[in-house]
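Asks: what follows is a predicted protein model with its sequence.
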Number of protein chains: 2
Amino acid sequence: MINNLILPEPTLRRLPWYLAYVEILKAQDVEYISSTQISRALNVDASQIAKDLSFLALKGKTRIGYEVDALAKALADFLGFHTPHKAYVFGTGSLGMALMQDSGLDNYGLNIIAGFDIDKNKIGTKVGDVPIYHIDSLEEVMEANPATIGILTVPADCAQITADIAIGEGIKAIWNFTPYRVKVAEGIVMSNTSIYAHLALIYNRLNAES
Amino acid sequence: MINNLILPEPTLRRLPWYLAYVEILKAQDVEYISSTQISRALNVDASQIAKDLSFLALKGKTRIGYEVDALAKALADFLGFHTPHKAYVFGTGSLGMALMQDSGLDNYGLNIIAGFDIDKNKIGTKVGDVPIYHIDSLEEVMEANPATIGILTVPADCAQITADIAIGEGIKAIWNFTPYRVKVAEGIVMSNTSIYAHLALIYNRLNAES
């Protein structure tokens, strides 16, 4: 069911909002929802919602709207949340460990199957069911149990070298949680979750308000 | 040293990259850095870097560039990372707990002083030094030890109500980690760290590459 269209980033940002909202309605046994209702609940323009949802192979009914169950399934399918994607965590500090333990990510199709570190006290241990290996074992682990996504939670000064090693061994996408601006070759997928930039934004806006 | 200009979001996204890079140079005892060198290292246009850095009260020297120590300090000051900002975590699941334990955030001026939950087994316990209270105690805790930032790591179906309660008790900024699109009144600062949107982006781009 996954598309292979390159979707615009703003659409990819909004679709998970619709999904989260529709999942709540589903839990409340709501049967139908219109884009106007979604619009009111989420403060997104109704025509924008209709446009975003037009990417899905799903038609709403005039005046009734979308069937909630079908819409939730179509959204999650379309976003790839129902397809397991294997990932490694690089850097098993507090954030890396939290991601390894977060069963929520599993529900969104992210299957973390190994962690890598250089701390001797961590190598050979597990976080939940997920084993931690030395980064030097990456080649072997990749052969035995390959992953496509590398989650980068190392210190900023190791971010580039770790990404380079991971990509060298066949990782196709880097999910970067470090504040470092990692460079990757063309064809490698790069996504930055810029925790510190979000903090800077909050501080700046708070200060401007006060 | 914090400005009270409202800075554009893209600038606020880039400034922490420069800081992370300059911190690495500082650890390597590099003394001077030019915007051309930052540009090469981070793949950001040199004129853009010069423009971003012009917000700081710091002048580079012709041909030598910026003093690394001074630039690191000026950036961290300017971004508010040297000013303590008090925060509560709402929802002490795996992500909430990880944020409470992450000493890294302290270095960026985020001082998490309490967690809130509704799980009886958690109330009264601590994560590191940080106590967990029942959400019903928010008013009291706010009076005794107030915070301005509310970090939202509750399940999506509690996101809006929790934000409403927090803001009702005086929280001024919501840092939303849930996939739910939370609505807040004007004057309240809102920042979304959209983990699931980033996953959707990675899956979409991976799929388009393959």
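Replies: Sure, I can see it.
Asks: can you check the pLDDT for the nearest residue to residue A:101 once chain neighbours are set aside?
Replies: Leaving aside its sequence neighbours, residue A:101 sits nearest to residue B:94 (Cβ to Cβ, 6 or more residues apart in numbering or on different chains; 4.8 Å). Yep, even glycine has a C-beta here, placed from its N, CA and C like the rest. pLDDT, residue B:94: 85.
Asks: quick check: mean pLDDT of the helix or strand where residue A:150 lies?
Replies: Following DSSP states H and E, one finds residue A:150 within strand A:149-152. In this model, strand A:149-152 carries a mean pLDDT of 98.
Asks: for it, buried residues please.
Replies: Buried residues in strand A:149-152, counted by 16 or more other Cβ atoms under 10 Å in any protein chain shown: A:149, A:150, A:151, A:152.
Asks: is chain B contacted by the lengthiest helix in chain A?
Replies: Assignment by DSSP state H gives helix A:9-27 as the longest helix of chain A. Yes. Using Cβ under 8 Å from any Cβ of the partner chain, helix A:9-27 reaches chain B at A:9, A:12, A:13, A:15, A:16, A:17, A:19, A:20, A:21, A:23, A:24, A:27.
Asks: quick check on those residues: which are buried?
Replies: Buried among the residues of helix A:9-27 next to chain B (16+ other Cβ under 10 Å): A:12, A:13, A:15, A:16, A:17, A:19, A:20, A:21, A:23, A:24.
Asks: remind me which residues of chain A are low pLDDT?
Replies: A:1-4, A:209-210 (pLDDT under 70).
Asks: which stretches in it count as helices?
Replies: Using DSSP H, helices in chain A cover A:9-27, A:35-42, A:46-53, A:68-78, A:94-101, A:103-106, A:138-144, A:159-168, A:195-209.
Asks: closest one to residue B:33 among the ones you listed?
Replies: Evaluated over these, closeness to residue B:33 peaks at helix A:159-168, with 16.5 Å, by Cβ to Cβ.
Asks: packing partners of that closest one?
Replies: Packed against helix A:159-168 by the contact rule (3 or more Cβ pairs under 8 Å, 6 or more residues apart in numbering or on different chains; DSSP states H and E) you find strand A:85-90, strand A:149-152, strand A:173-176.
Asks: who does the last one pair up with?
Replies: Just to be clear, that refers to strand A:173-176. The strands that strand A:173-176 pairs with in its sheet are strand A:149-152 (parallel), strand A:189-192 (parallel) (by DSSP bridges).
Asks: format those strands as TSV; extra columns: distance to residue A:81.
Replies: Output for the strands paired with strand A:173-176, formatted as TSV (distance: least, Cβ to Cβ, whole Å):
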stretch	distance to residue A:81
strand A:149-152	14
strand A:189-192	15
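Asks: look at the closest residue in space to residue A:111 that isn't next to it in sequence and say how many residues are nearby.
Replies: Nearest residue to residue A:111 in three dimensions, chain neighbours excluded: residue A:84, at 4.7 Å (Cβ to Cβ, 6+ apart). Residue A:84 has 12 neighbours, counted by other Cβ atoms under 10 Å in any protein chain shown.
Asks: can you check the one 3 residues further on too?
Replies: Applying other Cβ under 10 Å, we find 25 residues neighbouring residue A:87.
Asks: repeat that for residue A:142.
Replies: Neighbour number of residue A:142 under other Cβ under 10 Å is 16.
Asks: in this structure it contacts residue A:170, no?
Replies: Yes. Proximity of residue A:142 to residue A:170 meets the contact threshold set by Cβ atoms under 8 Å, at 5.7 Å.
Asks: chain center to stretch A:189-203: distance?
Replies: Here the centre of stretch A:189-203 is set off from its chain's centre by 14 Å, with Cα atoms, centre = their mean, to the nearest Å.
Asks: OK, contacts around the residue nearest to residue A:86 when sequence neighbours are not counted?
Replies: Setting aside the residues directly before and after it, residue A:86 is nearest to residue A:147 in space (Cβ to Cβ, 6+ apart), at 4.0 Å. Contact analysis of residue A:147 by Cβ atoms under 8 Å, 6 or more residues apart in numbering or on different chains lists A:86, A:87, A:88, A:113, A:114, A:171.
Asks: list the buried residues of the strand ranked longest in chain A.
Replies: Scanning chain A for the strand with the most residues, using DSSP state E, yields strand A:110-117. By neighbour count with 16+ other Cβ under 10 Å, strand A:110-117 contains the buried residues A:110, A:112, A:113, A:114, A:115, A:116, A:117.
Asks: same question for stretch A:139-147.
Replies: In stretch A:139-147, counting by 16+ other Cβ under 10 Å, buried: A:141, A:142, A:147.
Asks: got the CA coordinates for it in CSV?
Replies: The C-alpha trace of stretch A:139-147 is given here as CSV (Å, rounded to 0.1, in the frame of the first residue of the first chain):
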residue,chain,number,x,y,z
GLU,A,139,29.7,-5.2,9.6
GLU,A,140,28.9,-8.7,11.1
VAL,A,141,25.6,-7.5,12.6
MET,A,142,24.6,-5.9,9.3
GLU,A,143,25.3,-9.3,7.6
ALA,A,144,23.4,-11.4,10.1
ASN,A,145,20.5,-9.0,10.7
PRO,A,146,20.5,-6.0,8.4
ALA,A,147,18.8,-2.7,8.9
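Asks: the residue nearest to residue A:95 when sequence neighbours are not counted: neighbouring residues, count only.
Replies: The shortest distance from residue A:95 to any non-neighbouring residue, by Cβ to Cβ, 6+ apart, is to residue A:153 (4.8 Å). Counted with other Cβ under 10 Å, the neighbours of residue A:153 add up to 25.
Asks: go ahead and confirm residue A:153 touches residue A:100.
Replies: No. Between residue A:153 and residue A:100 there is no contact under Cβ under 8 Å: 9.5 Å.
Asks: okay, and the common contacts of these two?
Replies: A:89, A:92.
Asks: OK, contacts around residue A:174?
Replies: Counting by Cβ under 8 Å, 6+ apart, residue A:174 touches A:149, A:150, A:152, A:163, A:166, A:167, A:182, A:184, A:188, A:189, A:190, A:191.
Asks: distance of the residue lying closest to the fourth one once chain neighbours are set aside relative to residue B:42?
Replies: Just to be clear, that refers to residue A:163. Nearest residue to residue A:163 in three dimensions, chain neighbours excluded: residue A:182, at 4.8 Å (Cβ to Cβ, 6+ apart). Distance from residue A:182 to residue B:42, counting by Cβ to Cβ, to the nearest Å: 9 Å.
Asks: these two: which is more packed in?
Replies: Ranked by neighbour count (other Cβ under 10 Å), residue A:182 and residue B:42 place residue A:182 first, with 22 against 18.
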